[in-house]
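*Asks:* build the 3D model from these lines:
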Amino acid sequence: MKNLTILLILFFTTISPSYSQKNITGFMGIEFRDSPERCIKKIKERFPDISYEIKNDEILFYDIDFAGITWALLSLEYFDNKLCRAQFIIIREYDLENTYQILLSKLERSYGVTFSSEGTYRYIRNNNAILSISYSKDDESSKESSVCIAYSDDRLRELKSERENSDL
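*Replies:* Down below sits the predicted model:
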């Protein structure tokens, strides 16, 4: 009986990560729907010397460390003073495909799911949130490539889009 119990515990411990999925509620301790002031405060606590600028409903942070990489840009997008999307972007003069594959693997391990795929754009839908990662390279002769990781709250983004389109 004791051996059976141990086998069952090992079995469920082994398969549980593949069936579990973290809820996507934000990133780096920042939650969707946080105010711009709260987001700036949280990022400044972690990176006191980081530079940023505010443009309309967006905050841009420059040269920020995330997932073991220094990203050129973190863009935080707001709707009604609530965070609705965060986007980490890196562009380099060399191919970032290996970096993309490593990040994809880390995200899959963290969230315990396999991404849905549309070419070099992969995403997870979770409740009302989407976590996506993308890789792009203009063409084979181009040396420049980019990787983007985005966290977004679908409900807020839809409301923002509806409001923007109602003005037309």
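*Asks:* residue ranges in this structure under the pLDDT threshold?
*Replies:* Applying pLDDT under 70 to the chain flags the ranges 1-22, 167-168.
*Asks:* what ranges do the strands span in this protein?
*Replies:* Ranges of strands in the chain, per DSSP state E, are 26-27, 30-31, 51-55, 58-66, 69-79, 82-92, 116-118, 121-126, 129-137, 145-153.
*Asks:* now the closest residue to E144 other than its chain neighbours: how far from I130?
*Replies:* Leaving aside its sequence neighbours, E144 sits nearest to E93 (Cβ to Cβ, 6 or more residues apart in numbering; 5.7 Å). C-beta coordinates here come from the backbone N, C-alpha and C atoms, glycine included. In this view, E93 and I130 are 29 Å apart by Cβ to Cβ, to the nearest Å.
*Asks:* more neighbours: which of these two?
*Replies:* Neighbour count, other Cβ atoms under 10 Å: between E93 and I130, I130 has more, with 17 against 8.
*Asks:* run through the bridge partners of that one.
*Replies:* Counting by DSSP bridges, I130 forms beta bridges with R125, S152.
*Asks:* can you tell me which residues contact it?
*Replies:* Contacts for I130 (Cβ atoms under 8 Å, 6 or more residues apart in numbering) come out as 24, 123-124, 150-152, 154.
*Asks:* the same query, at a cut-off of 7 Å, please.
*Replies:* Listed by Cβ atoms under 7 Å, 6 or more residues apart in numbering, the contact set of I130 reads 123-124, 152, 154.
*Asks:* likewise L76?
*Replies:* Here L76 is in contact with 39, 58-59, 83, 86 (criterion: Cβ under 7 Å, 6+ apart).
*Asks:* and with 10 Å instead?
*Replies:* 30, 34, 36, 39-40, 43, 52, 54, 57-61, 83-87, 151 (Cβ atoms under 10 Å, 6 or more residues apart in numbering).
*Asks:* one more: A129?
*Replies:* Neighbouring residues of A129 by Cβ under 10 Å, 6+ apart: 23-26, 32, 151-156.
*Asks:* got it, and D95?
*Replies:* Applying Cβ under 10 Å, 6+ apart, we find D95 in contact with 135, 137, 142-145.
*Asks:* A67 too?
*Replies:* By Cβ under 10 Å, 6+ apart, the contact list for A67 reads 27-28, 88, 99, 102-103, 106-107, 110, 149.
*Asks:* my read: D154 touches N128, true?
*Replies:* Yes: under the criterion of Cβ atoms under 10 Å, D154 makes contact with N128 at 4.8 Å.
*Asks:* overlap of the contact sets of these two?
*Replies:* Counting by Cβ under 10 Å, 6+ apart, the shared contacts of D154 and N128 are F32.
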